[in-house]
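1. Provide a 3D model corresponding to the input given below.
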Amino acid sequence: MRPIQLVTLLTIIDNFDAFNLTWLTNENLTHLQSCINEIQYRHANPEDIIFFINLDPKYRYLKLHGPIVIQNELREVAQFQLMHVNFYIIVVPKGYFERIFNFLVLSTNWNPRAKFVLLLQEDLLKDFLVILQKYFVYNVLFLVEKTHSDVDIMTYYPFTLASNEFQILGGCHNGKLRDDRNLFPNKLLKNWKNYPVSIILFHFPPYIILENDQTQGIELSLFEIVSNGHDEVQVPKLSFVIGSASVAAEGGVRQQIVRRLGKKATK
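-> A predicted model of the protein is given here:
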């Protein structure tokens, strides 16, 4: 295991009331915290900034290795808006999951391709799939405490027929990972031909034209040419999600995507 470097970011964050940096000593470490730390060591790059959201007072003792931004309420801090986030660790209290992801999606440093580690209750798992797929989050681990010393590590595969099911990848016992398998395997398909994919479209003539309930434009014409040109071309089957703002509009585009996500256009 390689050490994760600490940077001066820690002292900067301490000046903001949105964060809590009371670090625990080794004597206070729990099995759950040790499990999360091992996942960090194995799967976070040394230069990654960890974005840690913890809204559950029950887990306020959880302290992670830096560089880390710790947030215990959902508000964006201007000083970190341009920070590129590759690793999220989120404690998900009951009833907060969609709120948390609405906040993240609207933040300026939102990265759905990042690695996500979510600590949650097992009975809430099924409710999360629709939200994760809605926001195109697939590189995710679910940590479920089974006992004080045992944690199950689960994930889902959104591009398979069993995309609505969870699979156990491994677990931790007494704070140690049970094996050395890769907990973030590649989930993207090798063959995308005829696979249903939703894409977000904005009215941007002449490339995308959304008028009179019709979806047209140069980009869609090119896609049809490629799709029909050769049987060997791996082209997904598209459905369209309409954004109610133009590409050129400044601000508000992310909000429009969230509000309109799921509304299909007619082709």
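
2. Show me where this structure has its strands.
-> With DSSP state E as the criterion, the chain has strands at 50-54, 68-71, 87-91, 115-119, 140-145, 150-156, 166-173, 176-177, 196-201, 209-211, 214-216, 237-242.

3. Could I get those in TSV, plus columns for mean pLDDT and distance to Leu132?
-> In this view, the C-beta of every residue, glycine as well, is placed from N, C-alpha and C. Conversion of those to TSV gives the following (pLDDT from 0 to 100; distance: least, CB to CB, whole Å):
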stretch	mean pLDDT	distance to Leu132
strand 50-54	90	15
strand 68-71	83	20
strand 87-91	94	12
strand 115-119	95	9
strand 140-145	93	6
strand 150-156	93	7
strand 166-173	91	11
strand 176-177	94	23
strand 196-201	70	14
strand 209-211	85	27
strand 214-216	83	26
strand 237-242	62	16
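
4. Phe51 reaches Pro67, doesn't it?
-> No - at 10.3 Å, Phe51 does not count as touching Pro67 under the criterion of CB atoms under 8 Å.

5. Which parts of the chain belong to which domain?
-> When the chain is parsed with automatic domain parsing, its domains come out as 9-177, 196-260.

6. Could you check how far Phe101 is from Gln33?
-> Remark: distance between Phe101 and Gln33 (CB to CB, to the nearest Å) = 24 Å.

7. Among those two, which residue is more densely surrounded?
-> Neighbours around Phe101 and Gln33, counted as other CB atoms under 10 Å, are more numerous at Phe101. The numbers are 22 against 17.

8. Let's see the pLDDT reported for that one.
-> What the model reports for Phe101 is a pLDDT of 88.

9. Does it touch Val130 like I think?
-> No - judged on CB under 8 Å, Phe101 makes no contact with Val130 at a distance of 10.9 Å.

10. Count residues in the vicinity of the closest residue in space to Glu122 that isn't next to it in sequence, would you?
-> Here the nearest residue to Glu122 in space, its sequence neighbours aside, is Val144; by CB to CB, 6 or more residues apart in numbering that works out to 4.6 Å. A count of nearby residues for Val144, using other CB under 10 Å, gives 20.

11. and the gap between Val144 and Asp123?
-> For Val144, the distance to Asp123 - CB to CB - is 10 Å.

12. before we move on, the earlier item: so between Phe51 and Pro67, which is more surrounded?
-> Neighbours of Phe51 and Pro67, each counted by other CB under 10 Å, are more numerous for Phe51; the result is 23 against 19.

13. For that one, give its distance to Ser221.
-> The gap separating Phe51 from Ser221 is 40 Å, by CB to CB.

14. Over to Met154?
-> When distances are taken as CB to CB, Met154 and Ser221 turn out to be 43 Å apart.

15. So for those two, which residue has more residues nearby?
-> The residue with more neighbours, out of Met154 and Ser221 and counting by other CB under 10 Å, is Met154; that gives 19 against 12.

16. contacting residues around the residue nearest to the more buried one when sequence neighbours are not counted?
-> Taking CB to CB, 6+ apart as the measure, Met154 lies nearest to Phe142, with 4.3 Å between them; neighbours along the chain are not counted. Counting by CB atoms under 8 Å, 6 or more residues apart in numbering, Phe142 makes contact with 118, 120, 125, 128, 153-155, 166.

17. now, the most widely separated pair of those residues?
-> Using CB to CB, the two most remote members of the contacts of Phe142 are Phe128 and Ile153, lying 15.1 Å apart.
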